Structure formats: structure tokens, C-alpha cells
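Novice: Sequence plus the predicted model coming up.
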Amino acid sequence: MLTVRRSNDRGLANHGWLKSRHTFSFAEYYDPEHMHFGPLRVINEDRIAGGSGFETHTHRDMEIISYVIDGALQHKDSMGNVAVIKPGEVQRMSAGTGVLHSEYNDVPDKDTHFFQIWIMPNKRGVAPGYGQKSFETELNTQKLVHVISPDGKDGTIGIHQDADMYISRLKKSETLDFNIGDERRMWLQVVKGDVEVNGEKLAIGDAIAATDVSVANIKANEDSEMILFKLP
């Protein structure tokens, strides 16, 4: 079964310094029909104004992933990590028993556009952890790049969940057969462009969920970028 989630149907938060689209219920946006998809709990598409950001706050027992599309995101946390996340980079913070962190736009004169993704862990109370890596070279040379996995294999960043995250950049008219498997499900989020997934047309900001579908046949109608999740 394929279920399309249109961009404009997502929750919208506009705080002036922050504009965010919420795929699933988050903060003041509540939709009982869109609470999560398996362990995938949050997909927020955020735009932070220059000189602004999230002040220090707490997380626990959550796998938090950030992927920057444009701009730069400054990160500081109670584990001692201080970093700037740039386009093409993926960051993972395992909150575990608890971590404090802040995120600010590192570019003073324009928005930073990024995706904030939360995946519920399969084990609670683990020690907090951090990972960050640029996949820009792979993204510009491969149709499908594996960035997050349960075991951190083959250059991926590991998380505490049986879940995989991929990023795909396709040129106009390129195709990709994404193998979901018989006992897995897929969530695909369109970051840029215009694609078709098993005949369903998706524009920028749209998403599609697949259950009981073993292969997703993807065609780019223009230069496109997607985030794909393979989930239990």
C-alpha cells in the first residue's frame, strides 16, 4: 500500500525566527492520524533566520538526526561537542540518558534550511553519543547513499534502532529501484524536485509511505533529492 503525504497537509509553525513544517505531530501541532511511522517519530523541515536558533534544551531516549540543505548549523552539547553542520553533512545525536544541546544558524545574513529527524530507539537508557560525517562526495557521484544504519557499517553513522536512512540525488529522467524488502516499510521525503514513485507523482515537500511493497520504482522528472527510510 502507498500513502501520499502532501507538503501543504503538514503542520506549520511560524515563530518569525523559525519556520517549520511538521510531518508528524510535534509541539503545538497535533494530528492523531500522523503521530509516527513505525519508529520514525519526527520529520521537521526547518528554516532558521540568520543570527537565531534553538537555545540550550534537553533531550533523552531519542535518536536525533540533522541534515543541512542550505546554510550552516552550529551545534553545542553537554558531551563537549562543538561543531558546524554544513550542506551534505549528516549529524546524529543519541540522547540516551540525557543531553543538553543548542543549535544556531551559523550564517548571519540568510536562512539555514535543514531537516530535523527523530527516530525512537530500541533501547532506552544508553550512554549519549554523537556522530557527524560529510557525504557530499558520495551524493554527487552515487544515485543512492546509505547514511544511517543500525550498526554503522560501510561508512554509515550508527543508531540504536533497526532503521536505515538513505539520501538520493537524481538527475532529470534518471531512475532508481529502491529495494524495501518483504518485511520492511519505506518512508520517502522529497527534498527538492519532482519525482514519481510507483506511478505516484510527488512534488517538493511531498512524502510517500510504503507498506507491503517490496520495491519502490523512482523516476526523477527534474533534478531531485530525496531522503528515504527503511523501517521495521
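Specialist: Happy to help now that I have it.

Novice: what residue lies at the spatial centre of this protein?
Specialist: Ile117 (4.4 Å; Cα atoms, centre = their mean).

Novice: And that one, how far from Gln91?
Specialist: Applying Cβ to Cβ, to the nearest Å, the value for Ile117 to Gln91 is 10 Å. Backbone N, C-alpha and C define where each C-beta goes, glycine included.

Novice: Need the residues touching each of those two.
Specialist: Shared contacts of Ile117 and Gln91 (Cβ atoms under 8 Å, 6 or more residues apart in numbering): 65-67.

Novice: Now, those residues that are in strands?
Specialist: Of the positions in these, 65-67 sit in strands, assigned by DSSP state E.

Novice: Contacts for stretch 174-186, please.
Specialist: For stretch 174-186, using Cβ under 8 Å, 6+ apart, the contacting residues are 37-38, 143-144, 166, 168, 170, 188, 208-220, 228-232.

Novice: and it, how far apart are its ends?
Specialist: Stretch 174-186 has an end-to-end distance of 20 Å (criterion: Cα to Cα, to the nearest Å).

Novice: Just the buried residues of that stretch, please?
Specialist: 176, 178, 180, 184-186 (16 or more other Cβ atoms under 10 Å).

Novice: what's the distance between that stretch and the middle of its chain?
Specialist: 17 Å (Cα atoms, centre = their mean, to the nearest Å).

Novice: how about a markdown table for the ones in strands among the shared contacts of Ile117 and Gln91, with neighbour count added?
Specialist: Formatted as a markdown table, those follow (neighbours: other Cβ atoms under 10 Å):
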| residue | neighbour count |
| --- | --- |
| Ile65 | 22 |
| Ser66 | 20 |
| Tyr67 | 22 |
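
Novice: how much space between the residue nearest to the residue nearest to the centre of the chain when sequence neighbours are not counted and Leu231?
Specialist: Excluding the flanking residues, the one nearest Ile117 by Cβ to Cβ, 6 or more residues apart in numbering is Ile65, at 4.2 Å. Between Ile65 and Leu231 the computed distance is 13 Å (Cβ to Cβ).

Novice: Then Asn122?
Specialist: Note on Asn122: its distance to Leu231, by Cβ to Cβ, is 12 Å.

Novice: more crowded one of these two?
Specialist: Set Asn122 next to Leu231 and count neighbours by other Cβ atoms under 10 Å: Leu231 wins out with 21 against 15.

Novice: Leaving out the residues flanking it, which one is nearest to that one?
Specialist: Gly38 (4.2 Å).

Novice: May I ask you to confirm that that neighbour is in contact with Thr211?
Specialist: No - here Gly38 does not reach Thr211: they are 9.3 Å apart, not a contact under Cβ atoms under 8 Å.

Novice: So which of these two has more stuff around it?
Specialist: Gly38 (18 against 15).

Novice: can you pull out the helices in this structure?
Specialist: With DSSP state H as the definition, the chain shows helices at residue ranges 136-139.

Novice: tell me which residues form a beta bridge with Tyr130?
Specialist: Met93 (DSSP bridges).

Novice: burial of it, as a residue count?
Specialist: Neighbours of Tyr130 under the rule other Cβ under 10 Å: 17.

Novice: gap between it and His160?
Specialist: 13 Å.

Novice: sorry, back to before: report the contact partners of the residue nearest to Ile117.
Specialist: 90-93, 115-119, 148, 159, 165.
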